[in-house]
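Undergrad: Could you look at this predicted model? Sequence included:
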Amino acid sequence: MSDKRDQITEAALKLFCENGFHDTSTAAISREAGVATGTLFLYFPVKDELIITLYIESKNKQIAFMKEGLSRQKTAKLKLAHIWRRGQEWAEKNPYAFQYMQMVSGSPYSAFVARKKVASISDLGEKFVTAAIKDGALARISLPLFFSLFEGSMTSTTNHISLLRSAKSKQKIGEQSFDIFWRGVSK
């Protein structure tokens, strides 16, 4: 990616999180990025395209981060705990991207995003969760419901621990919440 494009996406992410979609103009994004508005339009002809692209790129980065080291985990529980922990680490390192993805998910833009091929947590775990259900380690539950519960619980926990100052408290709450989730879905 080009430096100017990166400047635009970083500025847009920050401004959308601070001001919302409708109160962030392309002129403001260009100003924040230090580029001409025409330059923004070279990369993103319409604001909606920028909004959707930012979501897809943020989600892909989150999933790639969670995937790192996943293959070294041996059981479904360890794999899910790894994804949970890495998701929280990523959110802490990328607070604007994490907040932004929640904004889009709760907005009318989510319908546009749903039509795109966007990486998801289920892409990381569908095979091993299916196997764990078949083997009896996990309760019989539909995969979409399982991943909805997983991502919702992980996101809620991540929002909660973002308010905490102590790294030790963040780790403890993250582990407790995963254990509660696991007890709810395991046999």
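TA: Thanks, I have the structure now. This one's a predicted model, so the numbers in the text were calculated from it and none came from an experiment. Residues are numbered from 1 along each chain as shown.

Undergrad: Check for me that Ser107 belongs to a strand.
TA: No. Looking at Ser107 with DSSP: H, G, I helix; E, B strand; the rest coil, it is coil, so not inside a strand.

Undergrad: got the contact list for Phe16?
TA: 24, 51, 54, 100, 103 (Cβ atoms under 8 Å, 6 or more residues apart in numbering). All C-beta spots, glycine's among them, are computed from the backbone N, C-alpha and C.

Undergrad: Kindly confirm my reading that the first one is in a strand.
TA: Spelled out, it's Thr24. No. Judged by three-state DSSP, Thr24 forms no part of a strand; its state is coil.

Undergrad: Test my guess that it contacts Leu13.
TA: No. Thr24 is beyond contact range of Leu13, at 10.2 Å (criterion: Cβ atoms under 8 Å).

Undergrad: by contact count, what packs against the longest helix anywhere in the chain?
TA: What stands out as the longest helix in the chain, according to DSSP state H, is helix 47-67. Counting by 3 or more Cβ pairs under 8 Å, 6 or more residues apart in numbering; DSSP states H and E, the packing neighbours recorded for helix 47-67 are helix 3-19, helix 26-33, helix 76-93, helix 95-105, helix 109-114, helix 121-135.

Undergrad: Domains in this structure, by residue range?
TA: 1-45, 47-185 (automatic domain parsing).

Undergrad: Name the residues that touch the helix or strand of the chain with the lowest mean pLDDT?
TA: Of all helical and strand segments in the chain, the minimum by mean pLDDT, DSSP states H and E falls on helix 109-114, at a mean of 86. Here helix 109-114 makes contact (Cβ under 8 Å, 6+ apart) with 21, 48, 51-52, 55-56, 104-105.

Undergrad: mind running it again at 7 Å?
TA: 51-52, 55-56, 104 (Cβ atoms under 7 Å, 6 or more residues apart in numbering).

Undergrad: can you pull the pLDDT of Lys187?
TA: Looking at Lys187, its pLDDT stands at 88.

Undergrad: For it, give me its contacts.
TA: 136-139.

Undergrad: With Asp123 instead?
TA: Applying Cβ under 7 Å, 6+ apart, the residues near Asp123 are Ile63.

Undergrad: do the same with Ala76
TA: So Ala76 contacts 128-129, 132, 137-138 (Cβ under 7 Å, 6+ apart).

Undergrad: just the CA coordinates of stretch 131-150, formatted as CSV?
TA: Provided in CSV are the C-alpha atoms of stretch 131-150 (Å, rounded to 0.1, in the frame of the first residue of the first chain):
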residue,chain,number,x,y,z
ALA,A,131,-14.6,-31.8,15.3
ALA,A,132,-14.9,-30.9,19.0
ILE,A,133,-18.7,-31.0,18.7
LYS,A,134,-18.6,-34.3,16.9
ASP,A,135,-16.1,-35.7,19.5
GLY,A,136,-18.3,-34.5,22.4
ALA,A,137,-15.9,-31.9,23.8
LEU,A,138,-18.4,-29.2,22.9
ALA,A,139,-22.2,-29.2,23.3
ARG,A,140,-24.2,-29.7,20.2
ILE,A,141,-24.8,-26.2,18.9
SER,A,142,-25.1,-24.6,15.5
LEU,A,143,-21.8,-23.2,14.2
PRO,A,144,-23.3,-19.7,13.5
LEU,A,145,-24.7,-19.5,17.0
PHE,A,146,-21.4,-20.8,18.5
PHE,A,147,-19.3,-18.2,16.8
SER,A,148,-21.8,-15.4,17.5
LEU,A,149,-21.7,-16.3,21.2
PHE,A,150,-17.9,-16.6,21.1
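
Undergrad: Right, I'll leave it there.
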